Every structure is written in C-alpha cells, then in structure tokens.
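Novice: What would the 3D arrangement of this be:
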Amino acid sequence: MLQDYFSLQLKFAAHYALKAAVPHVVAIERCTNLRRRLNLWGDAGEIQWNRLLAGIQNTGSDPAEQAAWCADFQRPQLEVGLERSFGCFSYDPPDATGTLRIHFLPPNGINSSPLASENIGARMTELRDLFAHVLHHESKVKTVRGVSWLYNLHAYRRLFPRPYSASVQSAWFPLHLNGSSTWGQVLNWRQEVKTKVQDQLLTRLDDMQVEMPWRVFPLQAMVATGQIELFYEQFT
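Specialist: Numbering: from 1, shown residues only. Modelled structure (predicted):
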C-alpha cells in the first residue's frame with residue numbers, strides 16, 4: 001500500500017526535522033517524494049501541494065494518520081510531462097548544458113517485475129520509443145544522465161548501451177530525496193514497501209547526518225552518463 005510508503009517517508013522527515021531543527025513541512029519538502037508521487041509538481045500543483053501540507057499539519061504528529069490523509073487526498077489529474085513518458089521510462093528536457101535526465105518508475109497494474117528477463121523486450125521497446133521521440137523533438141541534447149539506486153542492479157544496467165553502463169559511479173554532488181532515485185528502493189514492483197529495506201532504514205535513522213541524509217539508505221543512488229549518439233545508435 002502506498003499509505004505505508006508515505007508513512008515511512010513521513011517518519012524519515014520527522015526525524016530529519018528534529019536533527020536539522022527545521023519545521024516539519026520543510027523536512028517533507030526536502031526528504032520525501034510526496035509532491036512528485038502525488039503529481040503536484042511544479043507551478044500547476046502549487047495550490048494543492050500547500051493544501052496537502054496544511055492537512056498533514058492538522059492531523060497531528062502520528063505519521064500513520066498523516067499518511068492516511070495523503071493517501072486519501074483528492075487532487076486534480078494534472079497532465080504534467082505525459083508526452084515525455086514511455087511506459088516505465090520518462091525524461092526531463094535537456095538543461096543548459098544539453099544534458100537529458102532519464103527516469104524509471106513502473107506504472108501501476110503490472111503483472112511481474114519490470115526488470116525480469118521476460119520483460120526485457122518490453123523495456124527495450126519503451127527505450128526505442130523514448131529515444132525516437134528525443135531524436136525528433138529534442139535537438140539540443142548532447143548527453144544522457146541517470147541518477148538512481150537502480151544502477152546498483154545488473155538487471156537495470158543491462159538495458160543500456162555498454163559504455164553508459166560502464167560509466168556508473170558514485171554521486172559527487174548532493175543527492176535529492178524528493179524523487180524516486182533513492183526512495184524507489186523501498187518499494188517492490190507491486191508498489192509494496194519492502195520490509196527488509198524498511199527495517200534497515202529505520203534502524204539507521206539515528207545515524208542520519210543532516211548534510212547527507214541519503215547516506216542512511218541501504219543502497220546509494222549512482223550516476224551514469226553517456227553521449228546521446230550511443231542511444232541513437234542502439235535505440236533508433
């Protein structure tokens with residue numbers, strides 16, 4: 001249940017708020033992916049996001065009750081970036097340096113692990129569709145970058161061009177916890193919280209460093225980078 005996922009994130013945020021001496025809503029902004037997960041990202045979701053935060057504050061200090069409010073929150077169906085989504089994959093438009101970020105988030109309702117061997121063909125089709133779209137609509141792309149805990153897994157790295165997979169390394173910059181690049185490891189493909197990962201995370205909360213709260217997660221987000229030509233060669 002996503003309610004369990006939200007509850008875990010809100011516990012994490014409450015711990016961070018105490019450690020960092022910041023308001024709880026600030027900790028929620030910094031340390032959870034609730035805004036992105038509930039599709040309240042960007043200017044279009046600002047009003048609803050503030051309503052969500054106000055509701056969390058009004059429910060009291062119990063993360064379970066806060067999570068129930070989040071799970072039941074009535075939000076508009078904002079179509080933000082749907083044209084850049086291709087099954088499990090999506091991308092952000094290239095930044096000023098020409099770097100395009102790719103993301104991976106399995107949709108609801110799938111029947112098996114999206115990274116299982118029998119599903120490689122479907123993932124490859126999604127990547128072909130994504131990069132065909134990029135080729136025709138994103139002329140300023142020079143490089144592709146991914147930042148995710150998934151790069152710890154061979155089952156994920158095998159989907160990409162070999163030079164890109166070989167580039168995987170630890171992040172040399174501060175990581176953000178408002179997406180799924182770190183939080184995604186807590187869920188299985190059924191969108192259920194992994195008990196083992198949850199237990200490991202909770203036992204490490206006392207070791208949290210305010211400057212690097214992501215370090216208490218069992219797996220760290222890794223970084224992969226490659227020239228766009230690698231992807232055009234393999235997928236278009």
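Novice: what's in contact with stretch 204-224?
Specialist: 11-12, 15-16, 19-20, 30-31, 145-149, 151-152, 157, 160, 164-165, 167-172, 174-175, 177, 181-182, 185, 197, 200-201 (C-beta atoms under 8 Å, 6 or more residues apart in numbering). (Each C-beta comes from the backbone N, C-alpha and C, glycine too.)
Novice: In strands only, show me those residues.
Specialist: In strands, judged by DSSP state E, the following of those are found: 145-148, 169-170.
Novice: Give me the buried entries from the residues you listed.
Specialist: The neighbour-count test (16 or more other C-beta atoms under 10 Å) marks 145-148 as buried among these.
Novice: got the ones in strands among the contacts of stretch 204-224 as a markdown table, with distance to residue 47 and pLDDT columns?
Specialist: Below are those laid out as a markdown table (distance: C-beta to C-beta, whole Å; pLDDT from 0 to 100):
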| residue | distance to residue 47 | pLDDT |
| --- | --- | --- |
| 145 | 32 | 98 |
| 146 | 32 | 98 |
| 147 | 29 | 98 |
| 148 | 30 | 98 |
| 169 | 40 | 98 |
| 170 | 38 | 96 |
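Novice: Going by distance to residue 63, which of those residues wins?
Specialist: residue 148 (25.4 Å; C-beta to C-beta).
Novice: Now that closest one. Nearest residue, chain neighbours left out?
Specialist: If the residues on either side of it in the chain are set aside, residue 148 comes closest to residue 181, at 4.6 Å by C-beta to C-beta, 6 or more residues apart in numbering.
Novice: Next, count neighbours for that neighbour.
Specialist: Residue 181 is flanked by 26 other residues according to other C-beta atoms under 10 Å.
Novice: for it, what are its contacts?
Specialist: If a contact means C-beta under 8 Å, 6+ apart, then residue 181 has 103, 147-149, 175, 221 as its contacts.
Novice: picking that back up, select only the buried ones of the contacts of stretch 204-224 in PyMOL?
Specialist: To isolate the buried members of the contacts of stretch 204-224 in PyMOL, using 16+ other C-beta under 10 Å:
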select buried, resi 11+12+15+16+20+30+31+145+146+147+148+149+151+157+160+164+165+167+168+175+177+181+182+185+197+201
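Novice: per-residue pLDDT, the residue most central in space within the chain?
Specialist: Centre of the chain computed as the mean C-alpha position; nearest residue by C-alpha atoms, centre = their mean is residue 180, 1.5 Å away. Note on residue 180: pLDDT of 93.
Novice: One more: the one 10 residues further on?
Specialist: Confidence per residue is given as pLDDT, and for residue 190 that number is 90.
Novice: Next: residue 4.
Specialist: pLDDT, read off for residue 4, is 94.
Novice: now the nearest residue to it once chain neighbours are set aside: how far from residue 217?
Specialist: Using C-beta to C-beta, 6+ apart and skipping the chain neighbours, the partner closest in space to residue 4 is residue 193 (4.6 Å). From residue 193 across to residue 217, the span is 14 Å (C-beta to C-beta, to the nearest Å).
Novice: Tell me how far residue 138 lies from residue 231.
Specialist: From residue 138 to residue 231 the distance is 11 Å (C-beta to C-beta).
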